[in-house]
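Asker: how does the following fold in three dimensions:
(4 chains)
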2 protein chains.
Amino acid sequence: MGKPSGLVQGTLDLLILKTISLEPKHGWAIVQRIQQVSAEVLQVQQGSLYPPLHRLEQQGWIKAHWSETEGGRKAKFYSLTRAGRTQMEKELANWDRLSTAINTVVQTNEA
Amino acid sequence: MGKPSGLVQGTLDLLILKTISLEPKHGWAIVQRIQQVSAEVLQVQQGSLYPPLHRLEQQGWIKAHWSETEGGRKAKFYSLTRAGRTQMEKELANWDRLSTAINTVVQTNEA
DNA sequence: TCTTTTAACATAGTTAGACTATGCAAGTCT
DNA sequence: AGACTTGCATAGTCTAACTATGTTAAAAGA
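Answerer: Numbering: from 1, shown residues only, chains lettered A, B, ... in the order given. Predicted coordinates:
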């Protein structure tokens, strides 16, 4: 039924871009950060992560290189490209525009 | 490319419920109100409207009756049921929860 | 009067972005 | 040795938008 789903559809790209804009991270850590910063409200499933990650890379907005985590494991670290930063800003502006509009509609009490 | 799509996926039900909670409206007018109140930011396509409308009716959250518009045309007017109001409040709370979480993530500048 | 536009409802088929389920590999912990 | 955690990845499903299309009737315009 109305499962209080863990994401708002269409916002994952933005969340990813923002997260790695602060510092390069590997997939696993990206998910961790999104969940932690959102106080566990946003839940990103494993299977939901890699497809967008690969797509963003192919679009040239992020790039990957293999490296090591603090724990000494190898992992694929993603960082934002120049174009990616522009894209992030565009998506952020769009999110603001839309979420503001939605808030206006749900808060307006005139028919 | 990144078409600045006219909706945030998953929010249409809420927008519909809210709109008819203020006063019963027919489908066409629901779309008009959403677009007007949002200053044309939110764009609901014709084909996107009726499926959710029928689904919401089947779930018992809204109910329909044929009547006439101001212009003298017959149209199906939808109004909110008791259960629908509860549902609207639930979806509104969920939207607040999620959109707030997203805003936190995109505004937080600590990795 | 004829035609076009607008209001209004509706369905079929497609696409996109999430989901679940599953699998592999390597390191840690008991 | 076995279980759990970290970490990457794909295949298949589901849902909610989208586009395209069709119908009916009234209004507006030629």
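Asker: tell me, what residue is most central in chain A?
Answerer: The residue lying closest to the centre of chain A (C-alpha atoms, centre = their mean) is residue A:15, at 2.0 Å.
Asker: tell me the buried residues in the biggest helix by length in chain A?
Answerer: The single longest helix within chain A, with elements called by DSSP state H, is helix A:82-107. Residues of helix A:82-107 classed as buried: A:84, A:87-88, A:91, A:94-95, A:98-99, A:101-102, A:105-106 (neighbour count, 16 or more other C-beta atoms under 10 Å in any protein chain shown). In short, each C-beta sits where N, CA and C put it, glycine included.
Asker: any idea how far residue A:18 is from residue B:49?
Answerer: 32 Å (C-beta to C-beta, to the nearest Å).
Asker: which of these two has more neighbours?
Answerer: Comparing residue A:18 with residue B:49 by neighbour count (other C-beta atoms under 10 Å in any protein chain shown), the higher total belongs to residue A:18, at 23 against 17.
Asker: ranges for the strands of chain A?
Answerer: Here chain A has its strands, by DSSP state E, at A:25-26, A:62-68, A:74-80.
Asker: residue numbers of chain A in contact with DNA strand C?
Answerer: A:5-7, A:9-13, A:43-48, A:51-52, A:71-73 (C-beta under 7 Å from any atom of the strand).
Asker: which residues does residue A:64 contact?
Answerer: A:57, A:76-78 (C-beta atoms under 8 Å, 6 or more residues apart in numbering or on different chains).
Asker: what of residue A:23?
Answerer: Counted by C-beta under 8 Å, 6+ apart, residue A:23 has contacts residue B:111.
Asker: got the phi/psi numbers for it?
Answerer: For residue A:23, the backbone dihedrals are phi -170, psi 140 (criterion: degrees, to the nearest 10).
Asker: lovely, talk soon.
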